[in-house]
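Colleague: next one to model:
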Amino acid sequence: MPAYQSFLRSNEERFLDELLDFLRIPSISALPERAGDVARAGDWVAQRLTAAGVENVELLPTGGHPVVYGDWLHAPGKPTILIYGHFDVQPVDPVELWTNAPFEPTIVDDRVYARGASDDKGNMLAPILAVEALLQSDGAAPVNLRFCFEGQEEIGSPQIPEFMPQHRERFACDLAVSADGGQFSETEPILLLSLRGICGLQINVHGAATDLHSGLHGGRIQNPIHALTQILASLRRADGTVAVEGFYDSVVELSQVERDAIARVPFDGAEYLQALGLEEEFGEPGYANRERGWIRPTLEMNGIWGGFQEEGIKTVLPNSAHAKITCRLVADQDPGQIVELLGAHVKQHAPPGVRVEVAPLSIQGQPYSISADHWGNRAAAAVHRELYGRDPYQTRSGGSIPITGVFRKQLGADTISFGFGLEDENIHAPDEFFRLASFRKSQIAYCSLLEKLGESAPPKRG
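Modeller: Predicted coordinates:
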């Protein structure tokens, strides 16, 4: 047994207690009233890094929620690895659907239930503990290390694109390793090869100066809700494809080899529909269900409101109506360009009699992809073969981690995914949980990964 593994086993109880303390902090980045708790979680992470033996630890301001930095740079001739994760969490509503209070972590059947347990506190704590184990047992790490833990991933990392260029030298690395991710199952690993980008906008339709009596004014002036629904209907065709001119122009199609790799990942369409309480799927023709969710761009309405919302009837002609829209993007779509195309489309299809405003949402991130043969992924695959006794599936994600594009643009560094959450762990939903078996396994996995990366020879930069 490696010395680091003995250290991890002998400290299991302490590490679990620390995870529970971390989970008790309600670091919800989306709620302004929780900003202090997000900062408190950042302080907790900074103190934990220092306790692990990491040096030069700082809580860095961003103009929004903070970033925690730390480093250990005593492995001359070895690559520099940047470990990434996030300590902010999603809101907990509807709180009445939680079995236990979301910030009072509860252990049942070797699972810890709490908001942020899987996404991402359990996952991001693991590499910190692994580094402590290596430093305590071996006296050194096998690579140079930098750490970047942020408090704003769940709101799209809005300050990070401006923050990172100011700290490019501080975060310089040969490879980033993201602890924000997962595996296919408890017995099946993955290499995550792409994440979709994201952008969005809000449409505001304004009519008369005030709400009006629908009997006195209906049929005489434009109704903002009717105008909004007309605009929304113009955005997509009946088959689900996006009708915005130029939307698909930059999309890079995957090769048949890449599509075949996706097809080899197990997927039960009937089980998928049953779990969602649906009877049939829907989406872009010419692509399988999983391809639509992993490698094709989308446009979705996330919210719509206007007029009278309460129980009963109020015969009002509302003076405004609103909708929020987000798009998931794939290579080589640019979020800024897509927002411009959407804005132009909305204004072109706005009916007469209303004033229409388009406001870009703060969430914006580039799509990201990486080769399965990347030197970082080769090391990760070797670790997975040791842990799981099998080759990892080559998968992709419909979700977004905006900072991966920032790392590539600002640091010239690729990012591999090395998280251990599983799909059934209710992230972003009530009763989120993390398997403690995964928490223990991930610590060992990170030690092994850093060793293998220390044996690798990354391509020369520049």
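
Colleague: per the record, what domains does this protein have?
Modeller: Per automatic domain parsing, the domain ranges recorded for the chain read 3-195+368-454, 197-251+297-360.

Colleague: chain center to stretch 367-379: distance?
Modeller: In terms of Cα atoms, centre = their mean, to the nearest Å, the centre of stretch 367-379 is set 18 Å apart from its chain centre.

Colleague: can you list the neighbours in contact with that stretch?
Modeller: Under the contact criterion Cβ atoms under 8 Å, 6 or more residues apart in numbering, stretch 367-379 has outside partners 175, 177, 191, 193-197, 261, 329-333, 381, 394, 396, 401, 404-405, 408, 414-416, 449, 452-453, 456-459. (C-beta placed from N, C-alpha, C; glycine too.)

Colleague: strands - which of the residues you listed land there?
Modeller: 175, 177, 191, 193-195, 197, 329, 394, 396, 415-416 (DSSP state E).

Colleague: can you map out the helices along this structure?
Modeller: Along the chain, counting by DSSP state H, helices occupy 3-10, 12-23, 35-52, 122-138, 160-166, 214-217, 224-233, 256-263, 269-276, 289-294, 335-348, 375-388, 403-406, 436-454.

Colleague: right, and the ones you listed - which one's nearest residue 185?
Modeller: The minimum distance between residue 185 and the helices of the chain falls on helix 375-388, with 9.4 Å, by Cβ to Cβ.

Colleague: so for the closest one, what's the average pLDDT?
Modeller: Mean pLDDT, helix 375-388: 98.

Colleague: also stretch 343-353?
Modeller: Stretch 343-353 comes out at a mean pLDDT of 97.

Colleague: and that stretch, end to end?
Modeller: Stretch 343-353 has an end-to-end distance of 18 Å (criterion: Cα to Cα, to the nearest Å).

Colleague: can you pull the buried residues of stretch 90-103?
Modeller: By 16 or more other Cβ atoms under 10 Å, the buried positions in stretch 90-103 come out as 90-92, 98, 102-103.

Colleague: so residue 53 makes contact with residue 133?
Modeller: No. Proximity of residue 53 to residue 133 does not meet the contact threshold set by Cβ atoms under 8 Å, at 10.1 Å.

Colleague: which of those two has more neighbours?
Modeller: residue 133 (26 against 17; other Cβ atoms under 10 Å).

Colleague: how much space separates that one from residue 16?
Modeller: From residue 133 across to residue 16, the span is 15 Å (Cβ to Cβ, to the nearest Å).

Colleague: residue 61 now?
Modeller: In terms of Cβ to Cβ, residue 61 sits 32 Å off from residue 16.

Colleague: more neighbours: these two, which one.
Modeller: Shown here are residue 61 and residue 16; by other Cβ under 10 Å, residue 16 has more neighbours (16 against 12).

Colleague: sorry, back to before: tell me which of the helices of the chain lies nearest to residue 315.
Modeller: helix 214-217 (4.5 Å).

Colleague: mind listing residues that contact that closest one?
Modeller: Residues outside helix 214-217 that contact it (Cβ under 8 Å, 6+ apart) are 208, 315-317.

Colleague: any buried residues in that helix, and which?
Modeller: Neighbour-count burial for helix 214-217, counted by 16+ other Cβ under 10 Å, picks out residue 214.

Colleague: can you check stretch 24-36 too?
Modeller: 25-29, 34-35.

Colleague: just name the closest of these to residue 110, please.
Modeller: Set against residue 110, the nearest of the buried residues of stretch 24-36 by Cβ to Cβ is residue 25 (22.8 Å).
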